[in-house]
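Enquirer: Sequence first, predicted model second:
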Amino acid sequence: NDTSMQHRNLNHMTREERFSEAMRRTLYALKVLLPREGWTPVGPEMKYLARAIKEFTFIIHAGVFIPCIMSYGTNEQIAKWFPLAADFRIIGTYAQTELGHGSFLRGLETIATYDRANQEFIINCPKITAMKWWPGDMGKSANHVLLMAELVIDGKKYGMHGFMVQIRDLTTHEPLPGVTVGDIGAKLSFESVDNGFLYLQNVRIPRENLLSKLSEVHPDGTYIKKGNQRLMYGSMVRVRVNLIAHEIVMPLAKACTIAVRYSAVRRQGLINPSKEEVPVLDYVAQQHKLLPQVATVFMAHFAAKQLVKMHHDYSLEVEKGNTSQLPELHALSAGMKACLSEQGAAGAEIVRRACGGHGYSCGSGLPFIVNRMLATCTYEGENTVMQLQCARYLIKCADQAKKDKLTGSVWYLSDFSNMSCTAQTFGDLQEPSVLVKLHERRAKCAVQHAGKKMQNMVKNGTPAHDAWNMMATLLINAARAHIMQYVVGTSVTYISELSCSASLKKILTQLCALYALHNINSNCGDFVKFGCLTSAQCDLAQEAEFNLLKQLRPDAVGIVDSFDFTDDILQSCLGAYDGNVYERLFEWAKQAPMNKTEVHQDSYQYLQPYLHEGRDVLEGRGRNSKL
Ligand SMILES: CCCCC/C=C\C/C=C\C/C=C\CCC(=O)SCCNC(=O)CCNC(=O)[C@H](O)C(C)(C)COP(=O)(O)OP(=O)(O)OC[C@H]1O[C@@H](n2cnc3c(N)ncnc32)[C@H](O)[C@@H]1OP(=O)(O)O
Ligand SMILES: Cc1cc2nc3c(=O)[nH]c(=O)nc-3n(C[C@H](O)[C@H](O)[C@H](O)COP(=O)(O)OP(=O)(O)OC[C@H]3O[C@@H](n4cnc5c(N)ncnc54)[C@H](O)[C@@H]3O)c2cc1C
């Protein structure tokens, strides 16, 4: 109810207005509105904040820069920079991606050369492709960057390290000497974020600005490794784990709320010619578009909770020096981020399209969500690259499964029990345990199939790296199959252990079965090819899905209402709780800047001569048409 937090209509603002408004609102929320324990905003408002603010600023400052100080800094460095960053007295970003490289980190070109005489690092972008490009909050907001650069001592390269680099004056906010920085311009979304470019030329920083939890450089230039260097990639793992809830589950839930509510209101066409027009939600085709996406919200939410818990447990182990869980966590977080962002972004577009013409209007609130979700397929690890990282781990585990009993998320690779499906009715295929087994078997076969193909190629003389490249699509499919079995399996377990009413558990179980069956029916080629299902059982799987659509239809609106988004959060004429779609759309359109005046003078000046000629002809004064 705080008017300072109410959203102005984003579609009627310029990019610069949105950038400025997001900054005002973010600072107001984090520094004025919310109680805090140290850095962490606390209290029920925090939940609201994560759901409410359509456009944050300082996403990277808060979500990446500060956690990196904690992950990569020594206690002294944390004591120095964390309080400043936590209180926004310095604004930072995570500057890793360059104009020429983002996925291939070993190709990054920015270098930090140690100057022993002055005990400083000299930072340089040796050529245009080395310029940092994309980091959020960097173009106009940040005055510091956590710069990921190649450490060089006496001509020897030591790989990517993190350096704290001040880029703007703390009084004037002007760029410092040797710093060229700015905004990279308009993007598909994130209009309020100043993703930036940063060109550094002979910028000097003290030796103490190398974040030294994992390695350090002594005054004489001696390089000391202090831990598992893979932990330098830890920030990316943490963001991948955390962004699923914030940037995939939440936006998809909003899109589904809008589309399902609108579909319950929008009447279009007839099912029974002798009856009245029906709400489009009565069309099975519409249910088939919307309800599996609603199910995805819940299943991705449950799986993400499990992944967050796994990351938390791993973090506690790392503090004790045990990094043994890192390979599995990296593979799972990379795979989950890639597969769920792919599903989420595709799902948001499916439900947008299901709203017809009004789904194409920004007044629906859907284009904002769809465009923003598309970015999740690219940032924090481009999806294909992430799926291949996941596949790399699966192939290794499949080899190990031949001699060891595996545990964790890959346990099923060493499960050699009979996994044939005996389903005789579509009801059998709605059973959670049957659906879990089917997904495990499909994943195991997909991993083994990709591995076997590569082994055969290598046996026939193909170099391993070429075999890997040529089988990439099979490897990506294996990664997807692995994640799907993880999502279905963790969701079934989560729901079975949930203490809730029987009616709620029934709905959640139906949604889980719908999610699993939709995945089977969308990938039935794999399930038949790997002998998981017969062709007849595939028919049953489709029947099972259609039956669930019918069962869930009566509760569809109630289910999305349970996400509990207010109208101010949704900012949607189609998804408002009162269902007054048409009045809201008309009111929204009238507020558009284009309608500030009845006549748009700037364009009228071009049109006026022709209109006057037409007027004269119609009033009998003009010459005949030239045509
Ligand atoms: C907190 C909430 C935030 C919410 C966000 C809100 C809104 C979103 C708004 C904006 C976006 C937010 C953030 C975006 C920020 C960014 O995009 S930051 C930049 C992200 N960039 C990347 O992710 C780069 C991806 N590339 C890589 O990670 C690496 O280049 C690679 C692809 C993994 C290749 O690594 P490389 O070392 O070159 O080679 P290799 O494949 O051989 O790997 C070597 C071994 O290292 C293991 N490994 C790789 N990565 C990790 C890791 N992260 N953790 C642990 N281990 C890792 C790999 O498995 C290999 O191990 P082996 O045992 O040898 O198999
Ligand atoms: C909204 C947004 C915010 C961002 N924020 C930040 C930030 O704050 N900080 C930061 O450092 N970066 C940020 N980034 C950059 C982002 O991390 C990179 O864009 C991302 O890692 C992808 O790298 P790339 O752009 O080099 O894509 P590329 O890797 O060049 O992708 C191009 C194509 O090449 C393919 N490809 C690449 N490598 C392989 C391979 N090994 N095998 C098969 N195919 C391959 C990809 O699949 C893709 O199809 C942001 C990006 C966006 C869009």
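Expert: That came through, no problem. Ligands and ions are numbered 1, 2, ... in the order given.
Enquirer: Do a quick rundown of the helices in the stretch 301-450 of the chain.
Expert: 326-353, 366-375, 383-401, 432-459 (DSSP state H, counting those that start in this stretch).
Enquirer: a markdown table please, covering those and showing mean pLDDT and mean neighbour count.
Expert: For every residue, glycine as well, the C-beta is placed using N, CA and C. Putting the helices of the stretch 301-450 of the chain into a markdown table (pLDDT from 0 to 100; neighbours: other C-beta atoms under 10 Å) gives the following:
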| stretch | mean pLDDT | mean neighbour count |
| --- | --- | --- |
| helix 326-353 | 98 | 24 |
| helix 366-375 | 97 | 21 |
| helix 383-401 | 97 | 20 |
| helix 432-459 | 97 | 20 |
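Enquirer: Which of those helices sits closest to residue 531?
Expert: If you check each of those against residue 531 by C-beta to C-beta, helix 432-459 wins as the nearest, at 7.5 Å.
Enquirer: For the closest residue to residue 130 other than its chain neighbours, which residues are in contact?
Expert: Leaving out its chain neighbours, the residue that sits closest to residue 130 by C-beta to C-beta, 6 or more residues apart in numbering is residue 109, at 3.6 Å. Residues in contact with residue 109, defined by C-beta atoms under 8 Å, 6 or more residues apart in numbering, are 98, 100-101, 125-127, 129-130, 150.
Enquirer: Return the distance of residue 595 relative to residue 12.
Expert: As judged by C-beta to C-beta, to the nearest Å, residue 595 and residue 12 stand 10 Å apart.
Enquirer: Also residue 96?
Expert: To residue 12, residue 96 is 35 Å away according to C-beta to C-beta.
Enquirer: what do you get for residue 361?
Expert: For residue 361, the distance to residue 12 - C-beta to C-beta - is 13 Å.
Enquirer: Got the phi and psi for the residue most central in space within the chain?
Expert: In the chain, the centroid-proximal residue (C-alpha atoms, centre = their mean) is residue 376; its distance is 3.2 Å. The phi/psi pair for residue 376 (degrees, to the nearest 10) reads phi -70, psi -20.
Enquirer: residues in contact with it?
Expert: 243, 247-248, 337, 341, 344-345.
Enquirer: Repeat the analysis, applying 6 Å as the threshold.
Expert: The contact partners of residue 376, by C-beta atoms under 6 Å, 6 or more residues apart in numbering, come to 247-248, 341.
Enquirer: With the flanking residues excluded, which residue is spatially nearest to it?
Expert: In space, residue 376 is closest to residue 341, 3.8 Å off (C-beta to C-beta, 6+ apart).
Enquirer: Equivalent analysis for residue 584, please.
Expert: According to C-beta to C-beta, 6+ apart, the nearest residue to residue 584 is residue 573 (3.8 Å).
Enquirer: okay, the residue of the chain found nearest ligand 2: pLDDT?
Expert: Residue nearest to ligand 2 within the chain: residue 102 (2.5 Å; C-beta to the nearest ligand atom). For residue 102, the pLDDT comes out at 97.
Enquirer: Next one: it from residue 135, what distance?
Expert: Residue 102 is 11 Å from residue 135, by C-beta to C-beta.
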